[in-house]
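Asks: my questions concern the predicted model and sequence given below.
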Amino acid sequence: MSALFGNYKTRPIQIVKGKGTTVWDENGKSYLDFTSGIAVLSLGHANPILVDTIKHQSELLWHTSNLFENKYQEKLAEKLVKDTHLSHAFFCNSGTEANEAAIKLARKHTGKHKIITCLHSFHGRTFGSMSATGQEKVHKGFGPIVEKFEYIPFNDVDSLLAKVDDETAAIMLEVVQGEGGVHVITPEFAQAIQKICDEKGILCIVDEVQTGIGRTGTAYAYEQTALKPDIVTLAKGLAGGFPIGAMLGTAELYESFGPGTHGTTFGGNPLAMAVATAVIEEIFTKAFLKTVTDKSQYFKEKLQAALPASVEIRGMGLLLGITCDSSSKLVEITDKNGLLLVPAGEDVVRLLPPLTVSYDEIDQAVEILQAAIPVTTTVK
Ligand code: PLP
């Protein structure tokens, strides 16, 4: 029996090496990694710029704690908020931590407690963010969740309007529900949220843990919507594979997150900051972001041409989902055929290549999917 807890349902592949979009298992078999470690390896495996950055920083300084000023945090914070309406950053180590910070800040700033989130959302596994997550299966077995989270169907404007009241501190949502099956926000929903937030002084929290840092073809996915969030949370792709989380917020929120309100030992450590800064310098350019949009368009068109019309192709940028009868069966087949994918529920599979994926690798992935899909999808 394994010495590990069994909380992950792992697939029988032991990955031992990675380079760009390719990984190798212990038997030397290669795979196209269209999981990117679940939207994490934004610049691919063993990216030379990031390898050099880690080497350099690891010889200089790993960790100092938040007892001292930290120029590495300052530099990254400035880069993250540049060209946005946001002003400040707080750094932590994961997406769930970033969301915990957001929930605490929203409650503290407004003095209110109710937070509206969406059904099928995913915000993390710690108590606050688990409670924000609109999926009963995530809550099951853990007793009372944090109070005052209320859920509405994603993209349902009427439910939103019915749920908002004077006790509402914030509305929290993803622009694309990733874990929840790759569902993209509608323009109407985004407009309605922003309007009601503006009218009633409710905070808008956009969870960009999966969609942020160029994944959808813009620095942040909210830029492609009517949303103007007060708080944005980040993690996953931000440091290209090094653990990190971040919460960004507007200047109005500054006073509510003063000394003693929140903190973390490891958050903002120089190693994470250095790698994330290198990632941002690569990704936050017009030219790089355009490559993501172009590849997305190409990928979608190729998939449309190759797959049966009954297969729905959804998503933004390089966060795409395709429908199938059984995601576990499809993933089993593509694993065997050298393409790694991420299930998003029972009938959707996510395609999340590194943003540096080549057109040739996209072609290869489409070919493997084309062969696998008829086996797992009832062609209607
Ligand atoms: N929010 C979103 C949208 C996510 O997709 C995830 C993870 O999948 C999280 C939060 C939680 O992030 P982490 O696993 O880093 O805690």
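Replies: Yes, it's here. Numbering: from 1, shown residues only.
Asks: in stretch 213-231, what's buried?
Replies: When burial is assessed from 16 or more other C-beta atoms under 10 Å, stretch 213-231 yields the following buried residues: 213-222, 224-225, 227-231. No exception for glycine: its C-beta is placed from N, CA and C like everyone else's.
Asks: which among those are in contact with the ligand?
Replies: Of the entries in the buried residues of stretch 213-231, not a single one is placed beside the ligand under the rule of C-beta under 6 Å from any ligand atom.
Asks: helices - which of these land there?
Replies: Using DSSP state H, the subset of those located in helices is empty.
Asks: for burial, what's the neighbour tally of the closest residue to the ligand within the chain?
Replies: The minimum distance from the chain to the ligand, using C-beta to the nearest ligand atom, falls at G95 (2.3 Å). By the criterion of other C-beta atoms under 10 Å, G95 has 28 neighbours.
Asks: coming back round to it: just the buried residues of stretch 213-231: which are in strands?
Replies: Using DSSP state E to define strands, the subset of those located there is I231.
Asks: send me stretch 131-143 as PDB with only the CA atoms.
Replies: The C-alpha trace of stretch 131-143 is given here as PDB (Å, rounded to 0.1, in the frame of the first residue of the first chain):
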ATOM      1  CA  SER A 131     -17.500  27.300   0.500                       C
ATOM      2  CA  ALA A 132     -17.300  29.700  -2.400                       C
ATOM      3  CA  THR A 133     -17.200  26.800  -4.800                       C
ATOM      4  CA  GLY A 134     -20.700  26.100  -6.100                       C
ATOM      5  CA  GLN A 135     -20.400  22.300  -6.200                       C
ATOM      6  CA  GLU A 136     -22.000  20.100  -3.500                       C
ATOM      7  CA  LYS A 137     -19.600  17.200  -4.300                       C
ATOM      8  CA  VAL A 138     -16.700  19.500  -3.200                       C
ATOM      9  CA  HIS A 139     -18.500  20.300   0.200                       C
ATOM     10  CA  LYS A 140     -19.600  16.800   0.900                       C
ATOM     11  CA  GLY A 141     -18.500  15.200   4.100                       C
ATOM     12  CA  PHE A 142     -16.900  18.200   5.700                       C
ATOM     13  CA  GLY A 143     -19.700  19.400   7.900                       C
END
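Asks: and the chain, which residues reach the ligand?
Replies: 94-96, 99, 122-124, 174, 178-179, 207, 209-210, 235.
Asks: now, of those, which are buried?
Replies: For those, burial is judged from neighbour counts taken by 16+ other C-beta under 10 Å, and it is met by 94-96, 99, 122-124, 174, 178-179, 207, 209-210, 235.
Asks: in TSV, list those along with pLDDT.
Replies: Listed next are those as TSV, based on pLDDT from 0 to 100:
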residue	pLDDT
S94	98
G95	98
T96	98
N99	98
F122	98
H123	98
G124	98
E174	98
G178	96
E179	95
D207	98
V209	98
Q210	98
A235	98
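Asks: now, which of these lie within helices?
Replies: When DSSP H defines the helices, the subset of these inside them is G95, T96, N99.
Asks: how about the second one: what's its closest non-neighbour residue?
Replies: Setting aside the residues directly before and after it, T96 is nearest to G124 in space (C-beta to C-beta, 6 or more residues apart in numbering), at 2.8 Å.
Asks: ok, the one you found - contacts?
Replies: Neighbouring residues of G124 by C-beta atoms under 8 Å, 6 or more residues apart in numbering: S94, G95, T96, E97, N99, E100, M130, A132, T133, V209.
Asks: repeat for T168
Replies: For T168, counting by C-beta under 8 Å, 6+ apart, the contacting residues are K112, K114, I115, I116, K200, I202.
Asks: let's go with 6 Å and repeat that
Replies: Contacts were defined as C-beta atoms under 6 Å, 6 or more residues apart in numbering; by that measure T168 touches K114, I202.
Asks: repeat for K114
Replies: Remark: with contacts taken as C-beta under 6 Å, 6+ apart, K114 is in contact with K148, E167, T168, A169.
Asks: please apply the same query to T233.
Replies: Shown here is T233, whose contacts under the criterion C-beta under 6 Å, 6+ apart are A98, N99, A102, D207, V209, M247.
Asks: surely the second one and H123 touch.
Replies: Yes - the pair formed by N99 and H123 meets the contact definition of C-beta atoms under 6 Å, at 4.8 Å.
Asks: need the residues touching each of these two.
Replies: S129.
Asks: re earlier: export the buried ones among the residues of the chain next to the ligand to CSV and tack on distance to A106?
Replies: Listed next are these as CSV, based on distance: C-beta to C-beta, whole Å:
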residue, distance to A106
S94, 19
G95, 16
T96, 16
N99, 10
F122, 18
H123, 13
G124, 15
E174, 16
G178, 22
E179, 22
D207, 12
V209, 16
Q210, 20
A235, 18
